[in-house]
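# Pasted the sequence and its predicted model underneath.
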Amino acid sequence: MKGNFPIDKFQNVQTPFYYYDTNILRETLNKINREVEKYTNFCVHYAVKANANDKVLSVVRESGLGADCVSGGEIKAAVKAGFPTNKIVYAGVGKSDWEINLGLDYNIFCFNVESIPELNIINELAAAKGKVANVAFRINPNVGAHTHTNITTGLAENKFGISLEDMDKVIDMALTLKNVKFIGLHFHIGSQILDMGDFIALCNRVNELQNKLCNRQIIVEHINVGGGLGIDYQHPNRQPIPDFATYFATYRKHLKLHSKQTLHFELGRSVVGQCGSLITKVLYVKQGAHKQFAIVDAGMTDLIRPALYQAYHKIENITSDAPVEAYDVVGPICESSDVFGKAIDLNQVKRGDLLAIRSAGAYGEIMASSYNCRTLPKGYISEEMV
Ligand SMILES: *Cc1c(COP(=O)(O)O)cnc(C)c1O
C-alpha cells in the first residue's frame with residue numbers, strides 16, 4: 001500500500017520538495033484534542049523545532065495547542081504564526097541575553113531554566129525591565145529512553161537540565177530572587193520513544209521528586225513532562241496517527257498529580273511526523289558491481305535523519321507500479337553517508353520517476369542545510385496543490 005499523493009499536480013513543482021498532507025495533520029491534531037478533553041488538567045504545546053514551516057505552524061496554531069520553543073528564532077516564528085504569547089514555553093540549555101529579553105518582552109508563559117547561572121541572568125534581565133518571569137526548572141531525571149543515543153536527553157551524562165542533587169538548591173535560590181516566580185518542574189527524556197515503560201519510569205521519578213517537595217510544603221502549579229512520543233516509520237500508511245490514547249492514559253495512570261496541578265506536554269514528532277513526505281526525482285539508475293543505485297535529486301542536505309541518526313524512512317516509487325526491484329537510494333551530495341536507504345524494494349525505477357520519502361514531517365525541512373551550495377527545499381501543504 002502506498003500513500004495518497006496528487007501526482008499529476010507534482011509534475012510542475014521543482015524537486016526536491018516537502019509535501020504536507022493537511023488532512024493527516026488535522027486528523028492528528030483533532031485526535032490529540034479529543035484525548036486531552038478527557039482530562040481537565042492536561043495542556044499540550046507543539047514543539048516548534050520539529051517543523052517551523054509557516055503553513056504547518058498555522059494549521060497547528062488553529063488547533064489551539066500552545067508552543068514549545070528552544071530559541072529566540074522559534075519564539076519569533078510562533079508569534080508570527082499567531083500563537084498566543086501566554087501559551088509559549090521556552091527551554092534551552094544556552095539562552096542568549098537577547099533571547100531571554102525577547103521572552104520577557106512577550107511575557108511568555110514560562111522559561112524552562114536549565115542551570116543556576118541562567119536563573120540569575122533571567123532574574124537580572126527581568127529586574128532591568130521591572131518584570132517578574134515565570135520559571136520552571138528543567139530537571140535531568142536520569143531516566144534512560146530506549147531510542148537512538150543521539151536523541152536521549154534525560155540521562156545524567158547529557159548536557160540538559162539541572163541534576164537531581166541540585167534541585168533543592170536551585171529552588172531555594174529561586175525563592176530568594178525577586179524577579180522570578182518558581183511555578184513548576186520540567187522534564188524531557190528524549191525522542192522517538194515507543195516503549196511506554198520509559199514514560200512510566202519518568203512518572204515514577206516525578207512522583208518521587210514531588211514527594212520530596214511535599215515534605216518541604218512545596219507544591220508547584222505546573223508539571224511539564226516534555227515530548228518524545230514516537231511514530232511508526234515502518235508503516236506510515238497503516239499507522240498515520242500515533243497512539244495518543246495510550247500515551248495520555250499512561251500519564252494519567254502513573255503520574256500522581258496534586259489537585260490544581262496542570263500537566264503539560266510538548267509534542268513535536270508525533271504531531272507533524274507522518275503528514276510530511278520528501279518528494280524527489282530519480283536522476284539516474286546506475287548499475288554497480290553487486291547492486292543498483294537509484295540516484296535522486298534530494299540529498300542529506302534536504303533530509304539529514306538517515307545520515308545523522310541512521311534513521312529509517314519508508315520510500316515509495318509513486319510514479320510506477322512496475323514489478324519490484326532492490327535499490328540503494330542515494331543522493332548527490334559528496335558524502336558517503338548521503339544514503340536514504342540500502343537494498344530498498346521499489347517498483348522498478350526509471351529516470352524521471354518521483355519517489356516519496358515518507359514520515360519526513362518532523363526534523364526534515366527544518367534541519368535542511370545549504371551544504372554543497374544547494375538551494376533549501378520548499379515545503380507545500382496539500383491545499384496549495386491545485
Ligand atoms: C525536542 C523537544 C521536544 C519535542 O520532542 P519530540 O520527540 O519531537 O516530541 C519537547 N521538549 C523539549 C524541551 C525538546 O527539546
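Thanks, I have it.

# tally of neighbours for residue 76?
15 (other Cβ atoms under 10 Å). C-beta coordinates here come from the backbone N, C-alpha and C atoms, glycine included.

# Tell me which helix or strand it sits in.
Assigning secondary structure by DSSP states H and E places residue 76 in helix 72-80.

# so how many other residues sit close to the closest residue to the ligand within the stretch 251-386 of the chain?
The stretch 251-386 of the chain approaches the ligand most closely through residue 268 (2.6 Å), counting by Cβ to the nearest ligand atom. When neighbours are counted by other Cβ under 10 Å, residue 268 registers 25.

# Over to residue 127?
So residue 127, with other Cβ under 10 Å, has 15 neighbours.

# Quickly list what residue 180 is bridged to.
With DSSP bridges as the criterion, residue 180 is bridged to residue 133.

# scratch that, residue 266 is what I was asking about
Going by DSSP bridges, residue 266 is paired in beta bridges with residue 45.

# list the contacts for it?
The contact partners of residue 266, taken as Cβ atoms under 8 Å, 6 or more residues apart in numbering, are 44-47, 68, 89, 91, 188, 224, 226-227.

# now residue 267
Contacts for residue 267 (Cβ under 8 Å, 6+ apart) come out as 32, 44-47, 227, 229.

# So it versus residue 120, what's the distance?
When distance is defined by Cβ to Cβ, to the nearest Å, residue 267 is 31 Å away from residue 120.

# One more: residue 356?
When residue 356 is compared with residue 120 (using Cβ to Cβ), they lie 49 Å apart.

# more crowded one of these two?
Here residue 356 and residue 120 are set side by side on neighbour count (other Cβ under 10 Å), and the busier one is residue 356, at 24 against 14.

# May I have the beta-bridge partners of the more buried one?
Bridge pairing for residue 356 (DSSP bridges) gives the partners residue 279, residue 316.

# That one reaches residue 315, doesn't it?
Yes - Residue 356 lies in contact with residue 315 (Cβ atoms under 8 Å); the separation is 7.2 Å.

# in the stretch 151-300 of the chain, which ranges drop under the pLDDT threshold?
The stretch 151-300 of the chain contains residues with pLDDT under 70 at 151.

# who's in contact with the closest residue in space to residue 264 that isn't next to it in sequence?
Residue nearest to residue 264 in three dimensions, not counting chain neighbours: residue 224, with 3.9 Å by Cβ to Cβ, 6 or more residues apart in numbering. Shown in contact with residue 224 (Cβ under 8 Å, 6+ apart): 89, 110, 112, 136, 184-187, 263-266.

# Now tabulate these in a markdown table and tack on distance to residue 209.
As requested, these are arranged in a markdown table below (distance: Cβ to Cβ, whole Å):
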| residue | distance to residue 209 |
| --- | --- |
| 89 | 19 |
| 110 | 18 |
| 112 | 15 |
| 136 | 13 |
| 184 | 12 |
| 185 | 7 |
| 186 | 12 |
| 187 | 9 |
| 263 | 14 |
| 264 | 16 |
| 265 | 18 |
| 266 | 18 |
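
# The ligand next: which of these are close?
Residues of the contacts of residue 224 in contact with the ligand (Cβ under 6 Å from any ligand atom): residue 266.

# list the helices and strands the longest helix along the chain packs on?
As assigned by DSSP state H, the longest helix anywhere in the chain is helix 196-215. Under the contact definition 3 or more Cβ pairs under 8 Å, 6 or more residues apart in numbering; DSSP states H and E, helix 196-215 sits against helix 167-176, helix 244-254.

# What parts of this protein come near the ligand?
Contact residues (Cβ under 6 Å from any ligand atom) of the chain with the ligand: 47, 49-50, 68, 70, 91, 188, 191, 226-229, 266-270, 362.

# Take these and keep only those in helices.
Going by DSSP H, the helices hold 269-270 from those.

# Dump the C-alpha coordinates for stretch 82-99 into CSV.
Below are the C-alpha coordinates for stretch 82-99, written out as CSV (Å, rounded to 0.1, in the frame of the first residue of the first chain):
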residue,chain,number,x,y,z
GLY,A,82,-0.3,33.7,15.8
PHE,A,83,0.3,31.5,18.9
PRO,A,84,-0.8,33.5,22.0
THR,A,85,2.4,34.5,23.8
ASN,A,86,0.9,33.4,27.1
LYS,A,87,0.9,29.8,25.7
ILE,A,88,4.7,29.9,24.8
VAL,A,89,7.2,27.9,26.9
TYR,A,90,10.9,28.3,26.3
ALA,A,91,13.5,25.7,27.1
GLY,A,92,17.2,25.7,26.0
VAL,A,93,20.5,24.9,27.7
GLY,A,94,22.1,28.1,26.3
LYS,A,95,19.7,31.0,26.2
SER,A,96,21.4,34.2,25.0
ASP,A,97,20.6,37.5,26.7
TRP,A,98,18.6,38.8,23.6
GLU,A,99,16.6,35.6,23.6
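
# Tell me the residue of the stretch 1-150 of the chain that sits nearest the ligand?
For the stretch 1-150 of the chain, Cβ to the nearest ligand atom, closest residue to the ligand: residue 47, 3.4 Å.

# Many thanks, we can stop here.
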